[in-house]
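[1] Mind looking at a prediction? Sequence and model below.
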Amino acid sequence: MLHIDDVHKQYGGLLALSGASLEVGAGKLIGLIGPNGSGKSTLINVISGVTPLTSGRVTFDGHDITNHTADAVFRHGLIRSYQDPSVFFEMNVLDNATLPIRAQIGENPLLAPLRRLWRRQEETNAHASLDVLKSLQLARHCANLASDLSGGQMKLLELARTLQGAPKMMLLDEPTAGVAPPLAYQIFEAIRRLRDEHGITFLIIEHRLDMLFDFVDELYVMHMGAIIAHGSADDIAANPTVRDVYLGY
Amino acid sequence: MSIDLLATGIALLTFFGISALMALSLNLEYGVAGIPNFGKALFVSIGAYTAGVTYTRLLPLLAGQEVIDPCGRTLADALQLRSDIMFTDPTAGWLNFAITLLIAGLIGGAVGYGLSYITLRLKEEWFLALVLLVSGEIIRIVVRGYDPIICAHNGLSGIAQPFVAVGDTQTASILFAALTVGFALIAFVYAERLIRSPYGRLLRAIRENEHVSQSLGKQVARIRAQVMFIGSFMAAVAGVLFALNIGFVNTNDYVVTLTLDVWVMVVLGGAGNMRGALLGAAVITILDRVTAIVAIQLNMAGSQWEFNYFRFILFGLLLLLMLRFRPQGILPERRDTTSVPLVFAEETADRGAGAEQPSGD
């Protein structure tokens, strides 16, 4: 589904990505790990169109999306979340979840003032968002500002929001960062459920290895801007290079 | 020392309508969408210059007359011609007025769309602010030095408002005041409905975090350019009304201080709140007119004081005090939502029918 081929990213004299290549099959739950500064977030940024890459090729679902803009990448069904909570803090939880829904009539400036044209669709969208929020235990917060949520709840809201964009694949950058272990486990449970029930493919950056190893199908390991290992959780845990540069045991 | 209260009231109402259009347009751009438009005078001037061109070139044609060069030796003949047409052929006058509004709005909108689409794709939004600020001055200087548009630095007079054919000056002024307030009301209703729709939610999302918005499929540059089109269209319409109200088009009226006046209106009233924009426009219009009247009265009384400059000190002080003590303005932005009432309305109906409230938790 996602093919990344020999991707390079250079910031001045710094080579953040140096020939990274990986493949993610449809319906897979893939982990991407590595020490801080190894290029994981940069890789997500170049895939999702946030940062242009220097060289290499990215294809998704049969389309060449190399250096496409972030909104164009979204339209292909590849949706990302961010490492830091990136909800819309000044907006309520339900509006946060409803915003990414595609083809909203009310987002046309000529039709928007005519409420009767978009009211029914907005009602359907709002209920769809509420259902997603219910599944992630956020429904009772739907009228609250997103800034009132805890860090873990914000991560769940990001997941809900990403889901409302009808993704084929999600790129999640540390979905449990700063989240208490029980809620982190709940987030991973939700991710697995989404994969199993909706067939969504996942590429997840995560430092919580104990949890990640329990959930993913395969892992890629990055170091110095390149992929240094690929395999099952057991393979990676036993890989001496990975143990040396990242796991530290 | 006597003041014609009715005439003052009519003038205030007319200026309020025009100022409200400008304030609403900036409030939509900056207050809701977060676009710092420091070129408001540019878009207002586009409306005024368009009026200058259409009243001297299009109006005679609509009345079946030959166009006379409005500048130079034939200046007086051209002035007499457009004055005659406005008083004797109201159909041509109204048609010219409608076409002027449309052309001005479209040119203003297109310039706003074009400048913002290019600059917002290149740099962050404050780059656009600088481009607009400078563009306004460049256009003003070009028009001031280029004869064919509005006769360069001489300007154009006899740009009459369409009600002059009524005959009675006061009645015509009252009707024109009602027209400008009517335009402001239409803009207010449109802007209010726009910000309370999914489009308003989209604009607030882009204002808060454009990168995340783009990652969620929103074409940020295009949407901001749309808002600039709408806001610039409104500002250009205000420019037409401004020129018609004073009956004169001159580049000196469209300097940076006009932009700053509109900013004071928005900051004072409340960025993001359309009622706030109306309130800010009302307060600034009253202060502006009152200081102008006081200045005239003082001059007539032989005062040494140049009271006209007091308004700049007053507006600057107002801006500083608001930013220091009430940055959200007199009427802060409301947290409008389109989705929540739709969900809660059904839940309330369910509870009324004895159904269990969906909580999901």
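    Sure thing, it's come through. Residues are numbered from 1 along each chain as shown, chains lettered A, B, ... in the order given.

[2] Any idea how many residues pack against residue 217?
    With no chain named, the answer covers chain A. A:Asp217 has 15 neighbours, counted by other CB atoms under 10 Å in any protein chain shown. The way it works is simple: take the backbone N, C-alpha and C, and place the C-beta from them, glycine included.

[3] Sorry, I should have been clearer: chain B.
    21.

[4] For it, give me its contacts.
    Counting by CB atoms under 8 Å, 6 or more residues apart in numbering or on different chains, B:Gly217 makes contact with A:71, A:74-75, A:100, A:102, A:165.

[5] The same query, at a cut-off of 6 Å, please.
    The contact partners of B:Gly217, by CB atoms under 6 Å, 6 or more residues apart in numbering or on different chains, come to A:71, A:74-75.

[6] and of those residues, the nearest to chain B?
    For these, the minimum distance to chain B (CB to the nearest CB) is 3.6 Å, reached by A:Phe74.

[7] So what's the predicted local confidence for residue 120?
    Picking chain A for this. At A:Arg120, the pLDDT value in this model is 92.

[8] ah, no, chain B please
    Predicted confidence (pLDDT) for B:Leu120: 66.

[9] Please compute how far the lowest-mean-pLDDT helix or strand in chain A lies from its chain's middle.
    None of the helices or strands of chain A scores lower by mean pLDDT, DSSP states H and E than helix A:240-242, at a mean of 79. Put simply, helix A:240-242 sits 27 Å off its chain's centre (CA atoms, centre = their mean, to the nearest Å).

[10] same question, stretch A:131-151
    Here the centre of stretch A:131-151 is set off from its chain's centre by 19 Å, with CA atoms, centre = their mean.

[11] What is the end-to-end distance of that stretch?
    Stretch A:131-151 stretches 21 Å from its first residue to its last (CA to CA, to the nearest Å).

[12] which parts of the lengthiest helix in chain A are buried?
    If you go by DSSP state H, chain A has its longest helix at helix A:115-135. Judged by neighbour count (16 or more other CB atoms under 10 Å in any protein chain shown), helix A:115-135 contains these buried residues: A:117-118, A:122-123, A:125-127, A:129-130, A:132-135.

[13] Low-confidence stretches in chain B?
    Flagging of chain B using pLDDT under 70 yields the residue ranges B:1-2, B:120-124, B:345-361.

[14] Could you tell me which residues of it lie near chain A?
    Neighbours of chain A within chain B, by CB under 6 Å from any CB of the partner chain: B:190, B:193-194, B:197-199, B:201-202, B:205, B:208, B:212, B:214-217, B:219, B:226, B:337-340, B:342-343, B:359-361.

[15] Of those residues, which belong to helices?
    Per DSSP H, those map to helices at B:190, B:193-194, B:198-199, B:201-202, B:205, B:208, B:212, B:214-215, B:226, B:339-340, B:342-343.

[16] helix, strand or coil for the closest residue to B:Ala236 other than its chain neighbours?
    Leaving aside its chain neighbours, B:Ala236 sits nearest to B:Gly108 (2.8 Å; criterion: CB to CB, 6 or more residues apart in numbering or on different chains). Here B:Gly108 is helix, with the state taken from DSSP: H, G, I helix; E, B strand; the rest coil.

[17] Just give me the neighbour total for the residue nearest to A:Leu145 when sequence neighbours are not counted.
    The shortest distance from A:Leu145 to any non-neighbouring residue, by CB to CB, 6+ apart, is to A:Asn92 (5.8 Å). For A:Asn92, the neighbour count with other CB under 10 Å is 22.

[18] ok and the residue in chain A nearest chain B?
    A:Lys134 (2.8 Å).

[19] Check what pLDDT that residue gets.
    So A:Lys134 comes in at 90 (pLDDT).

[20] hang on, the earlier thing: is the residue nearest to B:Ala236 in contact with B:Leu42, as I believe?
    No - using CB atoms under 6 Å, B:Gly108 makes no contact with B:Leu42, being 8.6 Å away.

[21] what's next to stretch A:110-118, contact-wise?
    Stretch A:110-118 is contacted by residues A:105-106, B:190, B:193-194, B:197, B:199 when judged by CB under 6 Å, 6+ apart.

[22] What ranges does chain A have for its helices?
    A:40-47, A:70-75, A:93-98, A:115-135, A:151-163, A:181-198, A:209-215, A:233-238, A:240-242.

[23] Lowest average pLDDT across those?
    Among the helices of chain A, helix A:240-242 scores lowest, at a mean of 79.

[24] buried stuff in it?
    Using 16+ other CB under 10 Å as the test for burial, helix A:240-242 gives A:Val242.
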